[in-house]
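Got a predicted model here, sequence first, then my questions.
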Amino acid sequence: MASLPTSPKPSPTPTIAWGAYCVVYYVQAVIMSMILMNVPVFLRRGLGLDWLGVTAAFVVMFAPVLLRPAFAWWADRHSTSLNWFLYIGAALVIAGSAGASVGAIIGMSGVALITAGLAVAVVGATLLNVAADSHIIRAVLLERSARVNGVKKFAAFLGIANGQLCYIFWVGADITNLTAWAKYFAIPAIAATVGYVAMVGFSRGRQFLSPVTGLPPVRAPWLFKIMKDGESARPAPILVGLVLVATFLFSVPDGFVEAPFEVFLVDTYGETAWVTYSSVILVGGIIGAGGYLLAGWRCRHAPEWDLAWFLCVAAAYNAFLWSIPSFPGVLWVTVVAQLPATFVQVRLLQSWQGHAYSRRPSLLFQVFVVTYQLGKVVGIGASGVIMTAVGYAGVFATGVLISGITLGLIVVYLILFKRLQGSKKT
């Protein structure tokens with residue numbers, strides 16, 4: 001076998017910043033879960049916006065995630081600036097969260113301030129996330145990335161759990177209580193402040209992330225087999241393109257069951273059902289934490305094999321919701337589905353990292369992330385149109401169709417993958 005390709009300018013054994021990674025993904029999870037899970041309910045039921053108004057406000061708040069490639073481009077060119085990303089990101093999260101909290105007190109007249117404040121907080125969370133992702137790509141061996149991604153996803157789970165517990169105790173079924181929402185919107189500011197202090201403690205100073213340059217050597221056999229001899233670590237372009245397209249389609253049904261799902265529960269089963277779901281889904285989060293741990297085990301097969309079987313699960317889940325089942329059925333099936341969903345999240349991150357090995361690794365990785373988020377935004381936006389036209393059943397039926405198409409793309413990927421393996425052996 002040919003000698004293993006190595007990346008140019010290897011990094012001088014950077015330190016894996018476990019504490020900083022956990023803080024970053026905890027804070028990001030607090031703000032993003034707030035927007036994805038509860039803010040649509042606030043806009044719809046608390047302030048009485050129609051579906052198009054809810055969708056428009058949500059897109060504005062979510063749009064800053066599209067800045068990821070720009071931030072990553074800067075991170076690739078100035079990898080020593082990653083700590084500044086953390087400083088600025090924390091400040092923006094605190095400022096945006098405080099603004100949204102004030103807007104909630106104002107009420108209907110404060111919708112613009114709430115939307116702008118949460119959008120600013122998302123910019124801050126995006127900076128935090130890009131800093132951590134860029135450092136992980138350059139500091140962590142690919143075969144160890146599943147473990148690191150599993151740990152950071154577990155930290156994100158803790159952030160989601162904390163946010164939901166505060167929502168249950170402060171807001172609960174009293175969706176029109178603006179003072180309670182104001183306290184709830186202040187959570188990201190509190191989390192960012194405490195997190196910054198924690199990072200200072202972890203690093204014993206303000207150098208939260210160690211300096212990194214270049215990329216670590218690639219030893220993951222599932223990726224190496226699709227590389228050409230004598231080249232730097234770089235997967236076949238056609239496989240990168242297929243993963244990009246599949247990533248977009250993979251996330252569209254996620255958008256169908258993301259922000260619209262919570263409103264679906266309220267509209268179909270009532271506000272009491274929504275409060276019950278908010279409480280029980282924490283159990284699903286605990287189950288989902290097991291998925292992160294399972295994915296952290298050393299897997300010798302390509303992550304795309306796991307994406308293939310999960311798409312079958314996703315199609316079945318959307319088909320189940322398509323039938324508009326009883327609320328207990330929705331509740332427990334959704335809880336159990338957290339285990340495969342969290343497992344595949346880690347494997348998807350590993351797929352992106354493996355296909356991002358290039359001269360601009362941070363940029364390409366964030367292109368994958370933005371492609372995923374863009375697909376989710378498209379799914380959320382399309383769900384409002386589909387719901388208006390044919391109702392919730394039409395949304396979930398479309399989810400079944402898209403999951404099937406995505407599965408077909410992954411099968412094409414795996415066939416090409418096998419052929420490239422065969423051509424390399426010959």
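Okay, I see it.

pull the longest helix from the protein.
Looking only at the chain and at elements set by DSSP state H, the helix with the highest residue count is helix 392-425.

before we move on, which element is T176 in?
Taking DSSP states H and E as the definition, one finds T176 inside no helix or strand.

I figured it was touching R45, is that so?
Yes. In this structure, T176 is within contact of R45 by CB atoms under 8 Å, at 7.4 Å. Just so you know, the C-beta spots here come from the backbone N, C-alpha and C atoms, and that holds for glycine as well.

Counting neighbours around each, name which of the two comes out higher.
For T176 versus R45, neighbours defined as other CB atoms under 10 Å are more numerous around R45 (17 against 14).

ok, now which ones touch the more buried one?
Contacts were defined as CB atoms under 8 Å, 6 or more residues apart in numbering; by that measure R45 touches 175-176, 266, 271.

Rounded mean pLDDT for stretch 313-331, please.
Mean pLDDT, computed over stretch 313-331, is 90.

Low-confidence bits of the stretch 301-426 of the chain, can you list those?
358-359, 421-426 (pLDDT under 70).

since we're on L178, how many residues are nearby?
Number of residues near L178 (other CB under 10 Å) recorded here: 17.

L409 reaches T247, doesn't it?
No. Judged on CB under 8 Å, L409 makes no contact with T247 at a distance of 9.8 Å.

quick one: which of the two has more around it?
Between L409 and T247, counted using other CB under 10 Å, T247 has the larger neighbour count: 25 against 21.

Look up which helix or strand the more buried one falls in, please.
Taking DSSP H and E as the criterion, T247 maps to helix 237-256.

Quick one: work out the angle between that helix and helix 392-425.
Interaxial angle, helix 237-256 versus helix 392-425 (axes from the mean of the first three to the mean of the last three CA atoms, to 10 degrees): 160 degrees.

Which of the residues in helix 237-256 are classified as buried?
239-240, 242-244, 246-256 (16 or more other CB atoms under 10 Å).

How about stretch 161-168?
Neighbour-count burial for stretch 161-168 [16+ other CB under 10 Å]: 161-164, 166-167.

Any idea which helix or strand in the protein has the lowest mean pLDDT?
helix 221-224 (a mean of 52; mean pLDDT, DSSP states H and E).

coming back round to it: pLDDT (mean, whole number) over whatever helix or strand comes next after the helix holding T247?
Moving toward the C-terminus from helix 237-256, the next helix or strand (DSSP H and E) is helix 259-269. For helix 259-269, mean pLDDT rounds to 79.

in terms of contact count, name the helices or strands touching helix 259-269.
helix 39-41, helix 271-295, helix 327-336, helix 361-390, helix 392-425 (3 or more CB pairs under 8 Å, 6 or more residues apart in numbering; DSSP states H and E).

Of all those, which one comes closest to R144?
Closest to R144 of the helices and strands packed on helix 259-269 is helix 271-295 (CB to CB; 12.6 Å).

Check which helices and strands whichever helix or strand comes after the closest one is in contact with.
Sequence order places helix 303-322 as the next helix or strand after helix 271-295, per DSSP H and E. Here helix 303-322 touches helix 237-256, helix 327-336, helix 338-355, helix 392-425, going by 3+ CB pairs under 8 Å, 6+ apart.

Report the buried residues of helix 303-322.
Here helix 303-322 shows 303-304, 306-308, 310-311, 314-315, 317-318, 320-322 as buried, counting by 16+ other CB under 10 Å.

same deal with stretch 388-408?
Buried, per 16+ other CB under 10 Å, within stretch 388-408: 392, 394-400, 402-403, 406-407.

Identify the residues contacting that stretch?
Contacts for stretch 388-408 (CB under 8 Å, 6+ apart): 51, 246, 249-250, 252-253, 256-257, 260, 264, 267-268, 308, 311-312, 314-315, 318-319, 321-324, 382-383, 386-387.

these two touch, right, A131 and A139?
No. With contact defined as CB under 8 Å, A131 does not count as touching A139 (11.9 Å).

Pick out whichever of the two has more residues nearby.
Between A131 and A139, counting by other CB under 10 Å, A131 is the more crowded of the two (29 against 22).

and the gap between the more buried one and A75?
7 Å (CB to CB, to the nearest Å).

any residues in contact with both of these two?
Common neighbours of A131 and A75 (CB under 8 Å, 6+ apart) are 82, 85.

for P361, what are its contacts?
Going by CB under 8 Å, 6+ apart, P361 touches 76, 134, 137-138, 215.
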